[in-house]
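In: Build me a model from this:
(one chain, ligands or ions: 1)
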Amino acid sequence: MAGGPPALSRRALLRGVGLLAAGGTGLIGYAAGKSALVSAAPPAEPPAAAPANEAAPTATPWPAKPVGAAQVAADPTALPGPVDWAEPRHHQITLDVVEVVAEIEPGVTFSYMTFGGRIPGPMIRVRQGDTVEITVNNLPGNLMPHNVDLHAVYGPHGGGEATFVVAGQPNGMRFTALYPGAFMYHCAVPTLDHHISSGMFGMIVVEPPEGLPPVNREFYLGQHELYTDQAAGVPGHHNFDFAAMQREQPTYVLLNGEKHALTPERRGAMQAQTGETARIFFVCGGPNLSSNFHPVGSVWTKVWREGAILSTPERYVQTVAVPPGSCLIAEIEFPVPGMIKLVDHALSRVVSKGMSGVIEVAGEPRPDIFTPDLPGDPTG
Ligand SMILES: [Cu+2]
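Out: Now for the predicted structure:
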């Protein structure tokens, strides 16, 4: 297992990062010298005007930066299949830490920090009793130290201290997944709220030995909020705003890391057929806001709050509160065709802040269940 640089202990590095965070100017000085993640210099070009319907920006906008990745939104269908093994297995997993400039929405760039270049980070799926060797690979060229704290780990810091690593190095640990459920993982360096807000969170699912109920489809989703020095929608590069984070007033509230990413207008909607049942794995990264997760035009037919999969599920739940640092496993059925919009029902987070996704349900109409038009309705 690799460690930190030879001259410095991991504990000393953690202390150092803590001092940077506590010092305020120390953090700004550190980051401004590196220029990409937190910036204090004036813009190189005249600022773009804010849209008339937006609040005035809190700082002069920078021009948009060249993007290093065309997309950070995770494909909601890109998740491992259900556990199909009956004996304990050993897993070797590497989480690449990717710091990358990408668009929150078209024309608005941000310096994201991610696991694997996607938000949420890759879903890890194991069986209760499995052993997991997990390595945080902090890629060369990154600016920040990182680590991973998994809520599925019995162990100090959830493994955060054991995996702490500076840029250009890997650092790993091994654990046994002793309890089942869906659990968040996240970067947990001393400035962890900054790192989570910038994208560093994901989910590990530990299935019970008997597995999960069969379903037709599964989707993997993550909500979190982003604090920038501009109003939502202002073109250009948005820098991270620590003061806004302290006030817990986000610029964006996002599903899978980008504004309205999982909609037909952006990256594409999720797809389903009438008569099917889908399972949703949902992680609320926060760092500060709970989600009030609601399917518009439907209902969660089964809900395992907190991802507590051994619990008896609640039935026909309209809106589920999911706190930051937790997960939800829910099932949804599709009796009629049409569009189901997934939102945070704290509704001011939806339109301009970006918190929505869509499931498009194809199939034959069921007028016995829903009839949109009645005789005498206005036409056109
Ligand atoms: Cu980090």
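
In: low pLDDT regions in this protein?
Out: Low-confidence segments of the chain, defined by pLDDT under 70, are located at 1-58, 380.

In: near the ion, which residues of it?
Out: For the chain, the residues found near the ion under the criterion Cβ under 5 Å from the ion are 146, 187, 195, 200. In this view, the C-beta of every residue, glycine as well, is placed from N, C-alpha and C.

In: Please tabulate the residues you listed in TSV and include secondary structure as additional columns.
Out: Conversion of the residues of the chain next to the ion to TSV gives the following (DSSP: H, G, I helix; E, B strand; the rest coil):
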residue	secondary structure
146	strand
187	coil
195	helix
200	coil
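
In: What separation is there between the residue nearest to residue 74 when sequence neighbours are not counted and residue 291?
Out: Closest residue in space to residue 74, ignoring its immediate chain neighbours: residue 118 at 4.0 Å, by Cβ to Cβ, 6 or more residues apart in numbering. Computed as Cβ to Cβ, to the nearest Å, the residue 118 to residue 291 distance reads 19 Å.

In: Show me the helices in the stretch 51-200 of the chain, by range?
Out: Along the stretch 51-200 of the chain, the stretches classed as helices by DSSP state H, counting those that start in this stretch are 160-163, 192-197.

In: could those be laid out in a markdown table, adding distance to residue 110 and mean neighbour count?
Out: Listed next are these as a markdown table, based on distance: least, Cβ to Cβ, whole Å; neighbours: other Cβ atoms under 10 Å:
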| stretch | distance to residue 110 | mean neighbour count |
| --- | --- | --- |
| helix 160-163 | 24 | 22 |
| helix 192-197 | 10 | 23 |
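
In: Adding distance to residue 68, write the ones you listed out as TSV.
Out: Formatted as TSV, the helices of the stretch 51-200 of the chain follow (distance: least, Cβ to Cβ, whole Å):
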stretch	distance to residue 68
helix 160-163	24
helix 192-197	18
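
In: tell me how far the ends of stretch 130-144 are from each other?
Out: One end of stretch 130-144 to the other measures 31 Å (Cα to Cα, to the nearest Å).

In: Then stretch 313-328?
Out: 11 Å.

In: buried sites along it?
Out: 313, 317, 320, 322, 324, 325, 326, 327, 328 (16 or more other Cβ atoms under 10 Å).

In: higher neighbour count, residue 118 and residue 291?
Out: Between residue 118 and residue 291, counted using other Cβ atoms under 10 Å, the more crowded position is residue 291 (31 against 22).

In: Quick check: that one touching residue 321?
Out: Yes: Residue 291 is within contact range of residue 321, at 7.2 Å (criterion: Cβ atoms under 8 Å).

In: max-length strand in the protein?
Out: Among the segments of the chain that qualify as a strand by DSSP state E, the longest is strand 90-105.

In: CA-only coordinates of that one in CSV, if you can.
Out: Extracted as CSV, the C-alpha positions of strand 90-105 are listed here (Å, rounded to 0.1, in the frame of the first residue of the first chain):
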residue,chain,number,x,y,z
HIS,A,90,-12.6,-9.9,-2.6
HIS,A,91,-12.9,-6.7,-4.6
GLN,A,92,-10.0,-4.4,-5.8
ILE,A,93,-11.3,-1.0,-6.6
THR,A,94,-9.5,2.1,-7.6
LEU,A,95,-11.1,5.6,-7.4
ASP,A,96,-9.2,8.0,-9.6
VAL,A,97,-9.5,11.6,-8.4
VAL,A,98,-10.1,13.8,-11.4
GLU,A,99,-9.9,17.6,-11.0
VAL,A,100,-11.4,19.0,-14.2
VAL,A,101,-13.0,22.1,-15.6
ALA,A,102,-16.4,21.4,-17.1
GLU,A,103,-19.7,23.1,-17.7
ILE,A,104,-22.4,23.4,-15.0
GLU,A,105,-24.7,24.5,-17.9
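
In: helices and strands around it, which ones?
Out: Strand 90-105 sits against strand 108-115, strand 124-127, strand 131-138, with contacts defined as 3 or more Cβ pairs under 8 Å, 6 or more residues apart in numbering; DSSP states H and E.

In: No further queries at this time; thank you.
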